[in-house]
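*Asks:* predicted model and sequence below, questions to follow.
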Amino acid sequence: MTTLFGTVCAPPGVQQEFQRLANEDERFLGLIFPPFIEVRSPVIAVVAVMENQRLHEGERAALCLALELNADAVLVDERAGRAAASTLGLSSIGLLGILLQARKQQLIPAIRPMLDRLQSDARFWISSSLLQQILQAANE
């Protein structure tokens, strides 16, 4: 990941949620929080514009941290999180965008097997039109 993005940071709440899922949710059992991710607490408070958004506390903290660090992008997959990031003037990228960048930089040999595993093993929902767009962009 650092090959794609340099420094990657996450707030403690995101790490805690990851660890909870890795311990409790069969889709994520045994996963380990990536050691290259720096865990940092945001100093700034939750921005008022996010109070009306349907965001989890970890998403709010991630957005605050991204603002504080003047991050190039914030990782967020859910629609409400992307909308909040946009409202705050932050660029966002989702898991599919990360995989696509990795494919384009030839860090992974193919994106299709990973998308298949995400859909089957992790029950990650991808619309058929988005799936086709990603595969086309990856030249697969």
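*Replies:* On my side now, so go ahead.

*Asks:* can you tell me how far Ile134 sits from Gln101?
*Replies:* Noted for Ile134: a distance of 11 Å to Gln101, by CB to CB, to the nearest Å. No exception for glycine: its C-beta is placed from N, CA and C like everyone else's.

*Asks:* show me where the chain has its strands.
*Replies:* In order along the chain, the chain carries the following strands (DSSP state E): 8-10, 37-39, 74-75, 92-93.

*Asks:* between the ones you listed, which one is closest to Ser128.
*Replies:* When the strands of the chain are compared for distance to Ser128 using CB to CB, the nearest one is strand 92-93, at 21.5 Å.

*Asks:* list of residues touching that closest one?
*Replies:* By CB atoms under 8 Å, 6 or more residues apart in numbering, the residues outside strand 92-93 that reach it are Ala73, Val74, Leu75, Val76, Gly81, Arg82, Ala85, Ser86, Gln101.
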